[in-house]
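Q: have a look at this fold, sequence not included:
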Ligand SMILES: Nc1nc2c(c(CN[C@H]3C=C[C@H](O)[C@@H]3O)cn2[C@@H]2O[C@H](COP(=O)(O)O)[C@@H](O)[C@H]2O)c(=O)[nH]1
């Protein structure tokens, strides 16, 4: 596997990610990270990620995309067809119906996109919040611009995360574990991080506390943390996942798995900073996460599925709008 230095520039190197850095790019990122959840397939048990399993696949410019990239492909395809899908006002227009969203996310295979109705509701809710809570804001860029900057013209990533979860319910990734509230905040943190990475830490992406953002607790990174022997699953949990059984949202196993993946990345980050104190300014949990996630996807492609060999672990099958 080709090693590559990880930096914010890596973000725009992905074929489907925008190459420009402007308000339209913010709109694209906002839409993607509103819908950045639950792409694991009910009909690809080996999790090969391949369209020939008939799992949900999007054809964009002659290429078939699955998983997270199917979301980006469907959005780019809609834009290429002249559908203003990244404009929040569109989500409140007459034209924007559940059937229209089904067309936008149409599949080239038997399986449709999971949680389509929830995706529709998330968009209508977000556009309503922009209109009602942010003075008819036409773009999420206006929400960022409304944020105070400090003397160095830098905003607070943590304040932006808290502002988003206080206003947009679909980002409220909170659970209760043994009576204690646990704020995992996966999609809101990847939203702020994608903006930071896309803008290379400048302009809309200029934050003085970006190092406070954690890894994004999804269902893909725990697998590679396990493959790297950074995460160990109790035999009962491992057997449950390998049997492709669903893991219910809010169960103690699900919360422990997500929080353990966050803590594992924090320990990796601390280890890297101890090894090389100069890396403190360059390496944060976001870049470690991006590296781990991209590497997990490469392994999935090369081995036709991360659950392929016995040492691998299947991803946990929790249907949720939060990741
Ligand atoms: N922790 C973490 N989770 C991430 C991402 C991304 C996409 N980020 C890309 C954009 C810029 C970066 O450089 C990455 O290339 C998606 N996901 C989550 O994965 C799951 C989808 O997986 P699969 O079904 O296999 O495609 C789903 O929960 C989705 O929310 C990430 O980066 N980190």
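A: Received it, and whenever you're ready, just let me know what you need. On a predicted model such as this, the values are computed, not experimentally measured, just so you know.
Q: contact partners for residue 321?
A: Residues counted as contacts of residue 321 (Cβ atoms under 8 Å, 6 or more residues apart in numbering) are 37, 38, 115, 118, 119, 122, 170. C-beta: built from backbone N, CA, C; applies to glycine.
Q: next secondary structure after the helix or strand hosting residue 194?
A: In the assignment (DSSP states H and E), residue 194 maps to helix 186-198. Next in sequence after helix 186-198, counting helices and strands by DSSP H and E, comes helix 221-227.
Q: that following helix near the ligand anywhere?
A: Yes. Residues of helix 221-227 contacting the ligand under Cβ under 6 Å from any ligand atom: residue 221.
Q: the helix or strand following that helix packs against which elements?
A: Moving toward the C-terminus from helix 221-227, the next helix or strand (DSSP H and E) is helix 235-242. If contacts are counted by 3 or more Cβ pairs under 8 Å, 6 or more residues apart in numbering; DSSP states H and E, helix 235-242 sits against helix 252-275.
Q: is any residue of the helix it packs on near the ligand?
A: No. Residues of helix 252-275 are not located near the ligand by Cβ under 6 Å from any ligand atom, the shortest gap being 8.1 Å.
Q: now the angle between helix 186-198 and the helix or strand just after that helix, please.
A: Using DSSP H and E, the next helix or strand after helix 252-275 towards the C-terminus is helix 285-303. Here helix 285-303 runs at an angle of 100 degrees relative to helix 186-198 (axes from the mean of the first three to the mean of the last three Cα atoms, to 10 degrees).
Q: other SSEs contacting helix 285-303?
A: Other elements packing on helix 285-303 under the criterion 3+ Cβ pairs under 8 Å, 6+ apart are helix 9-13, helix 186-198, helix 221-227, helix 252-275.
Q: list the buried residues of that helix.
A: 285-297, 299-300 (16 or more other Cβ atoms under 10 Å).
Q: go on, stretch 273-285?
A: Using 16+ other Cβ under 10 Å as the test for burial, stretch 273-285 gives 273, 283, 284, 285.
Q: now render the residues you listed as TSV, adding distance to residue 49 and pLDDT.
A: Formatted as TSV, these follow (distance: Cβ to Cβ, whole Å; pLDDT from 0 to 100):
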residue	distance to residue 49	pLDDT
273	33	97
283	28	96
284	27	97
285	25	98
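Q: can I get these in CSV with distance to residue 146?
A: Converted to CSV, those look like this (distance: Cβ to Cβ, whole Å):
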residue, distance to residue 146
273, 33
283, 31
284, 25
285, 26
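Q: interface residues of the stretch 101-250 of the chain facing the ligand?
A: Residues of the stretch 101-250 of the chain found near the ligand (Cβ under 6 Å from any ligand atom) are 216, 218, 219, 220, 221.
Q: residue 140: which of those is nearest?
A: The closest of those to residue 140 turns out to be residue 216 (Cβ to Cβ; 18.1 Å).
Q: tell me the phi and psi of the closest one?
A: phi -100, psi 110 (degrees, to the nearest 10).
Q: can you tell me the SS state at the residue nearest the centre of the chain?
A: A centroid search over the chain (Cα atoms, centre = their mean) returns residue 36, at 4.7 Å, as the residue closest to the centre. With DSSP: H, G, I helix; E, B strand; the rest coil as the basis, residue 36 sits in coil.
Q: sorry, back to before: just the helices and strands packed on helix 285-303: most buried one?
A: A comparison of the helices and strands packed on helix 285-303 by mean neighbour count, using mean count of other Cβ atoms under 10 Å, puts helix 186-198 on top with a mean of 25.
Q: give me the distance between the helix holding residue 194 and the centre of its chain.
A: Centroid displacement of helix 186-198 relative to its chain, using Cα atoms, centre = their mean, to the nearest Å, is 8 Å.
Q: go on, stretch 288-308?
A: Averaging C-alpha positions (Cα atoms, centre = their mean) puts stretch 288-308 15 Å from its chain's average.
Q: so what touches it?
A: For stretch 288-308, contacts defined as Cβ under 8 Å, 6+ apart pick out 1, 6, 10-11, 44-50, 67, 193, 197, 215-216, 218, 220-221, 223-225, 227, 242, 265, 268-269, 272, 309, 312-315.
Q: stretch 94-101 now?
A: 90, 116, 117, 119, 120, 123, 124.
Q: the ligand versus the residue nearest to the centre of the chain, what's the distance?
A: Separation of residue 36 from the ligand (Cβ to the nearest ligand atom, to the nearest Å): 4 Å.
Q: give me the nearest residue to that residue, chain neighbours excluded.
A: Leaving aside its sequence neighbours, residue 36 sits nearest to residue 187 (Cβ to Cβ, 6 or more residues apart in numbering; 5.6 Å).
Q: read off the pLDDT value for the one you found.
A: On the pLDDT scale, residue 187 is placed at 98.
Q: list the buried residues of the helix or strand harbouring residue 126.
A: Using DSSP H and E, residue 126 sits within helix 116-133. For helix 116-133, the neighbour count (16+ other Cβ under 10 Å) marks 118, 119, 120, 122, 123, 124, 126, 127, 129, 130, 131 as buried.
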